[in-house]
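Q: would you be able to build a 3D model of this:
(chains A and B)
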Amino acid sequence: MQIMSGSIRFFRRNAVAYMFLTPWLIGFFALTLYPLAYSLGLSFTNYDFTKPDSTQWIGLDNYIKMFGSLFGVSEFTSTTGELMRVDPYYLKSLSVTLIYVFVSVPLKLIFALAVAVLMNQKLRGISFYRVVYYIPTLLGGSVAIAVLWRKLFEKDGLVNGVLSAFGFTDLPSWITNPNFALATLILLTVWQFGSSMIIFLAGLKQIPQEYYDAASVDGATKVRQFFSITIPLLSPVILFTLVIQIISAFQVFTQAYIIGGGKGGVLNSTLFYTLHLYIQGWQYHQMGYASGMAWVLLLIIGVFTAIVFRSSDWWVSYGVGE
Amino acid sequence: MGSVNNMKNKTLVRHTLTHIFIITLGLFMIYPVVWMIVSSFKPNNLIFSDPSLIPKTLTFENYFIGWKGYAGTSFATFFTNSLLMCLAAVVGNLISCSMAAYAFARLKFTGKRFWFTIMMITLMLPGHVTLVPRYVLFNTFGWVGSYLPIVVPKFLATDAFFVFLLVQFIRGLPKEVEEAAIVDGCSKVGVFLRIILPLATPALVTTALFTFLWTWDDFFNHLLYLTKPDIFTVSRALRTFVGDAGAVSNWGSALAMATLSIVPAFILFFSLQRYFVQGITTTGIKG
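A: Numbers count the residues shown, from 1 in each chain, chains lettered A, B, ... in the order given. Predicted coordinates for the structure are as follows:
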């Protein structure tokens, strides 16, 4: 009898909990797990969305198409016997994205930290300043700002207008110049450091003032205090922000799409990975190939995240006195 | 005494310098946005020759022309579309994410740790890996060309960020009230509806706020799924308005509509500021 009531309670408890979880579980299975497995499968086929009946298993061909040029291959015979061309723009899109991630993420975090330290003072009007500094982040991801950005950095745009007022002549169109196009996008990203700033501010407020007081008594300079107290105590927060920023930087799309006019810009200088994926999948209907690209992106992000977490052993400290 | 005064003066100088620095940098930061807003009131032919923030002549013409939209659809339609779609997304996220969060934060059940780990992994998963199959799936349902591919996932708690945010918040709530209610014979569903949801209001507001803003600002999904001008959202419409080559002759009206499109963000931001900080610091997302 007692075992019965015990197991009934067990089932009831689980039933109630799983009832609450039902929407999430359906979402997980139907919209995450199944698509995940399905896209891995598709990446070994030549699936074309417009003619699904002619889908064939092509083994690793999609992956050769991505990385073939690394091994000096430009054409190869596919599993289905046709001559297949290596994607000439894939590695370009990868390198554009990697440069973007490597430059924009550190710059953004350094900027966010510097401003957070500046904002972590007892000053009149400081909360108003924080609001002002957050505005670019509030709006930054929108199409409106991407449109604005393109206009700012065009040949006859505002930036050149201001620069020529200072006597500069012969100014380029920053957006359509392959040497500067990516830089304008990086600038757009760094400009939106507001969220990281707010996270750092919250972290800074957790650091007890006594540490700084004690360090001052011992004669440590402000710079020394920053590197010996602030940075180590903030390092878990920095790690967290770094991981999140890396993951999202790899997936940037909207700004690149709008600023490049739906393409990769001049000489593909702003052909971001996700933009290339979209063009392959939805403009050329190469959805098998796009799926493969998505899986490689997942692996790349996974590797980077793992490296960052691994490296945290020697630069992140948890607790005082380490 | 003299040294105290000296100290005070030093602090004053330091504070003044900091103020000047922060204000200068801040002006530099918001200049593009302010310039966009101001320029939308300038005559079209003067916009780019004039970097100043004070328009010499004020006109609303850009707004009248821009509002007409294109392809026979006005921005009134685009704004209504965006608004309704975002509200549906908010309702979806509030219901589904709070349910999942309650289970993870408060209920005991078999496999809890496993599912929670899975949920945390999906938090990090780039959306692109599920993109093609989702598209194919929604297409077989006949949903491409409607709002369903964007709204339905919200009712299935696919935004793990918000589940996580709500779990963190609910875990921090005091348990006494719930325990008392259960002793009084209140069911788990009753506890959820009558105790957890009211107490979790701040986190729910944060969820609603960010869901609204991100759905409003999202472009990729709108580009994939909203295929006809009459169902375009504001962000999708703005992109077509500007065109591929950026060859729009009327940049004034493009900037005017861009300005209008950021109005909801401003309103929400200034009326619900503290929820922003909470949302950002718990989940560390966006931007």
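
Q: tally of neighbours for residue 208?
A: Going with chain A. Counted by other CB atoms under 10 Å in any protein chain shown, the residues lying close to residue A:208 total 11. Any C-beta I mention is one placed from the backbone N, CA and C, and that applies to glycine too.

Q: not quite, go with chain B.
A: Neighbour tally, residue B:208, other CB under 10 Å: 21.

Q: correct me, but residue A:289 touches residue A:282?
A: No: at 11.6 Å, residue A:289 does not count as touching residue A:282 under the criterion of CB atoms under 8 Å.

Q: neighbour count: those two, which is higher?
A: Between residue A:289 and residue A:282, counted using other CB under 10 Å, the more crowded position is residue A:289 (28 against 17).

Q: identify the residues contacting the more buried one.
A: By CB atoms under 8 Å, 6 or more residues apart in numbering or on different chains, the residues touching residue A:289 are A:43, A:46, A:62, A:65, A:87, A:280-281.

Q: in TSV, list the residues you listed along with neighbour count.
A: Below are the contacts of residue A:289 laid out as TSV (neighbours: other CB atoms under 10 Å in any protein chain shown):
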residue	neighbour count
A:43	25
A:46	22
A:62	27
A:65	24
A:87	21
A:280	24
A:281	24
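
Q: and the gap between residue B:43 and chain A?
A: 16 Å (CB to the nearest CB, to the nearest Å).

Q: that residue contacts residue B:251, correct?
A: No: using CB under 8 Å, residue B:43 makes no contact with residue B:251, being 11.3 Å away.

Q: got the domain boundaries for chain B?
A: B:2-65, B:77-283 (automatic domain parsing).

Q: which of the ones you listed has the lowest average pLDDT?
A: For these, mean pLDDT drops lowest on domain B:2-65, to a mean of 84.

Q: how close does residue B:272 sit to residue A:226?
A: 33 Å (CB to CB, to the nearest Å).

Q: residue B:38 now?
A: Note on residue B:38: its distance to residue A:226, by CB to CB, is 39 Å.

Q: residue B:14 too?
A: As judged by CB to CB, residue B:14 and residue A:226 stand 16 Å apart.

Q: picking that back up, so which of the contacts of residue A:289 reach chain B?
A: Among the contacts of residue A:289, the residues within reach of chain B (CB under 8 Å from any CB of the partner chain) are residue A:281.

Q: more neighbours: which of residue B:43 and residue B:251?
A: residue B:251 (21 against 15).

Q: now the more buried one: how far from chain A?
A: Distance from residue B:251 to chain A, counting by CB to the nearest CB: 6 Å.

Q: who are the contact partners of the closest residue to that residue other than its chain neighbours?
A: Once flanking residues are discounted, residue B:251 sits nearest to residue B:47: 5.9 Å by CB to CB, 6 or more residues apart in numbering or on different chains. Residues counted as contacts of residue B:47 (CB under 8 Å, 6+ apart) are B:39, B:251-252, B:255.

Q: packing partners of the strand or helix carrying residue B:136?
A: Taking DSSP states H and E as the definition, one finds residue B:136 inside helix B:131-140. Judged by 3 or more CB pairs under 8 Å, 6 or more residues apart in numbering or on different chains; DSSP states H and E, the packing partners of helix B:131-140 are helix A:34-42, helix A:287-315, helix B:148-151, helix B:220-225.

Q: name the residues of that helix that are buried.
A: When neighbours are counted by 16 or more other CB atoms under 10 Å in any protein chain shown, the buried residues of helix B:131-140 are found to be B:131-138.

Q: what's the answer for stretch A:279-296, then?
A: Applying 16+ other CB under 10 Å to stretch A:279-296 flags A:279-282, A:286-296 as buried.

Q: quick one: low-confidence ranges for chain A?
A: Counting by pLDDT under 70, the ranges of chain A that qualify are A:1-4, A:319-322.

Q: where's residue A:160 relative to chain B, distance?
A: For residue A:160, the distance to chain B equals 9 Å [CB to the nearest CB].

Q: correct me if wrong: that residue contacts residue A:170.
A: No: counting by CB under 8 Å, residue A:160 does not reach residue A:170; the two are 10.2 Å apart.

Q: the more surrounded of these two?
A: Each of residue A:160 and residue A:170 has its neighbours counted (other CB under 10 Å); residue A:160 has more, 20 against 5.

Q: contacting residues for that one?
A: Residue A:160 is in contact with A:154, A:171, A:173-174, counting by CB under 8 Å, 6+ apart.

Q: quick one: it is in a helix?
A: Yes: under DSSP: H, G, I helix; E, B strand; the rest coil, residue A:160 sits within a helix.

Q: quick one: it from residue A:252, how far?
A: Computed with CB to CB, the distance linking residue A:160 and residue A:252 is 25 Å.

Q: thinking again about what came up before, buried among the contacts of residue A:160? Need that as a selection in ChimeraX.
A: Those of the contacts of residue A:160 that count as buried under 16+ other CB under 10 Å are selected in ChimeraX with:
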select /A:154,174
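
Q: which one of the contacts of residue A:160 is nearest chain B?
A: Chain B lies nearest to residue A:154 out of the contacts of residue A:160, by CB to the nearest CB, at 7.4 Å.

Q: which ones are touching that closest one?
A: A:160, A:173-176, B:246.

Q: ditto for residue B:70
A: Residues near residue B:70 by CB under 8 Å, 6+ apart: B:229, B:237, B:240-241.

Q: for residue B:17, give its distance to residue B:42.
A: Separation of residue B:17 from residue B:42 (CB to CB): 35 Å.

Q: quick one, which of those two is more surrounded?
A: Neighbour tally, residue B:17 and residue B:42, criterion other CB under 10 Å: the higher count belongs to residue B:42, 22 against 10.

Q: surely that one is in a helix?
A: No: going by three-state DSSP, the assignment for residue B:42 is coil, not a helix.

Q: that one against residue B:57, yeah?
A: Yes: with contact defined as CB under 8 Å, residue B:42 counts as touching residue B:57 (7.2 Å).

Q: between residue B:38 and residue A:226, who's got more neighbours?
A: residue B:38 (18 against 15).

Q: excluding covalently adjacent residues, which one is nearest to that one?
A: residue B:53 (5.2 Å).

Q: okay, now the one you found: neighbour count?
A: Using other CB under 10 Å, residue B:53 has 12 other residues around it.

Q: how close does it sit to residue B:261?
A: Taken as CB to CB, the span from residue B:53 to residue B:261 is 20 Å.

Q: ok, now residue A:310?
A: Using CB to CB, one gets 42 Å for the distance from residue A:310 to residue B:261.

Q: do the same with residue A:100
A: Distance from residue A:100 to residue B:261, by CB to CB: 25 Å.

Q: more crowded one of the two?
A: residue B:261 (26 against 22).

Q: check contacts around the more buried one.
A: Residues in contact with residue B:261, defined by CB under 8 Å, 6+ apart, are A:142-144, B:234-235, B:238.

Q: and with 6 Å instead?
A: By CB atoms under 6 Å, 6 or more residues apart in numbering or on different chains, the contact list for residue B:261 reads A:144, B:234.
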